[in-house]
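Enquirer: Got a sequence here, can you model it:
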Amino acid sequence: MNEVANILLSNFLMLIACMVVLWLISIPLKDVSFVDSFWAIGFLFVALLTYYMSGGDTDRRLLILVITAIWSLRLGGYLFFRWRREGPDGRYVALLSKAPGNKHLHSLFKVFLLQGPILWIVSLPIQLGQIQAEPLQLGILPWVGAALAAIGIFFESVGDQQMANFKSDPSNHGKVMDQGLWRYTRHPNYFGDTCVFWGLYLIAAETSLGMWSFFGPALLTWTLIKWSGAALLERRLKRSRPGYIEYLERTSSFIPWPPKSVSGKGGNGASS
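Expert: Numbering: from 1, shown residues only. A predicted model of the protein is given here:
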């Protein structure tokens, strides 16, 4: 158990230290939006540190590390370049504009130090799945998890690219998106995220420690559906995008599904 405690504590302290450094960087920039790109990259830091501390010589550890790296680098790069292209995120601007007192201290606790512990909990399959990773031979469950993670990376990558292409066309300004994967789910990117982390959980769950890591993907699923993801985005879009109510009525909220027929109603779909 000392190994488990050491790895979990080391990852927690590493993430808190990273968040403090990022907060210090945000002060002269007067922008915290780049923290979203670290949200993805932070999981790779956790995977690498756990891999190093736990030995890193089994197929399970390698599978977890490779999937985490592919997902993390793709999403982290996408979010970083979106921030560089589009500038400050309106969510953070609104949050900090309402902050009482010192805005920098508010951003430290409400943005950076809040995300660190959440990232640590969500990454539990990445951590516990690599510690004492027996059985050494992979069974069927990890390959099912790898397939689910691959589906998730596909949905997130394609959905993000389709949205970027849509928003880059000036004729779509003020419209909402109901094409490609967005025709079948209002949130293909969030759906993809949940698939990736439940996939990582299935890889980890074949081990005695990893089976307890379901708290991670469960928290991620809740935050994406009920807290800071889909729920927050849809409240904003209902106020700002004509036709979004009709899109809600005909399009699956999360799991991809053929759109419903809504007689007498039209409009365009979703945006983010």
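Enquirer: could you show me where the helices are in this protein, in order?
Expert: Taking DSSP state H as the criterion, the chain carries its helices at 2-29, 35-54, 59-86, 90-97, 103-107, 113-122, 124-128, 140-168, 188-204, 215-222, 230-240, 244-250.
Enquirer: tell me the angle the third one makes with helix 35-54.
Expert: The one in question is helix 59-86. Regarding helix 59-86 and helix 35-54, their directions subtend 160 degrees when assessed with axes from the mean of the first three to the mean of the last three C-alpha atoms, to 10 degrees.
Enquirer: The first one too?
Expert: Compare the direction of helix 2-29 with that of helix 35-54 by the same axes, to 10 degrees and you get 150 degrees.
Enquirer: same thing with the longest one?
Expert: Using the same axes, to 10 degrees, one finds that helix 140-168 and helix 35-54 are set 160 degrees apart in direction.
Enquirer: Run the chain-centre distance for helix 140-168.
Expert: Shown here is helix 140-168, whose average C-alpha point lies 12 Å from the average C-alpha point of the whole chain (C-alpha atoms, centre = their mean, to the nearest Å).
Enquirer: With the first one instead?
Expert: Its chain's C-alpha centre and that of helix 2-29 lie 18 Å apart, by C-alpha atoms, centre = their mean.
Enquirer: What of the last one?
Expert: For helix 244-250, the distance between its averaged C-alpha position and the chain's averaged C-alpha position is 24 Å (C-alpha atoms, centre = their mean).
Enquirer: list the buried ones in that helix?
Expert: Judged by neighbour count using 16 or more other C-beta atoms under 10 Å, the buried positions of helix 244-250 are Tyr244, Glu246, Tyr247, Leu248, Arg250. Bear in mind the C-beta positions are built from the backbone N, C-alpha and C, glycine included.
Enquirer: ok, the residues you listed vs Val111, which is closest?
Expert: Using C-beta to C-beta, the shortest approach to Val111 within these belongs to Tyr244, at 27.2 Å.
Enquirer: What's the separation between that closest one and Pro125?
Expert: With distances taken as C-beta to C-beta, to the nearest Å, Tyr244 is found 34 Å from Pro125.
Enquirer: Ok, Gly42 next?
Expert: Gly42 is 15 Å from Pro125, where distance means C-beta to C-beta.
Enquirer: higher neighbour count, these two?
Expert: For Gly42 and Pro125, the more surrounded residue by other C-beta atoms under 10 Å is Pro125, and the numbers stand at 28 against 25.
Enquirer: which residues sit in contact with that one?
Expert: Applying C-beta atoms under 8 Å, 6 or more residues apart in numbering, we find Pro125 in contact with Ile64, Phe197, Leu200, Tyr201, Ile203, Ala204, Ala205, Gly210, Ser213, Phe214, Gly216, Pro217.
Enquirer: One more pass at 7 Å, please.
Expert: Shown here is Pro125, whose contacts under the criterion C-beta atoms under 7 Å, 6 or more residues apart in numbering are Phe197, Leu200, Tyr201, Ala204, Gly210, Ser213, Gly216, Pro217.
Enquirer: Find the centremost residue of this structure, please.
Expert: Among the residues of the chain, Asp193 comes closest to the average C-alpha position under C-alpha atoms, centre = their mean, at 5.3 Å.
Enquirer: Just to check, that residue is in contact with Thr221?
Expert: No: between Asp193 and Thr221 there is no contact under C-beta atoms under 7 Å: 8.7 Å.
Enquirer: where are the low-confidence patches of the chain?
Expert: Low-confidence segments of the chain, defined by pLDDT under 70, are located at 1, 56-57, 133, 262-272.
Enquirer: List the contacts of the residue nearest to the centre of the chain.
Expert: By C-beta under 7 Å, 6+ apart, the contact set of Asp193 is Gly152, Glu156, Leu220, Leu224.
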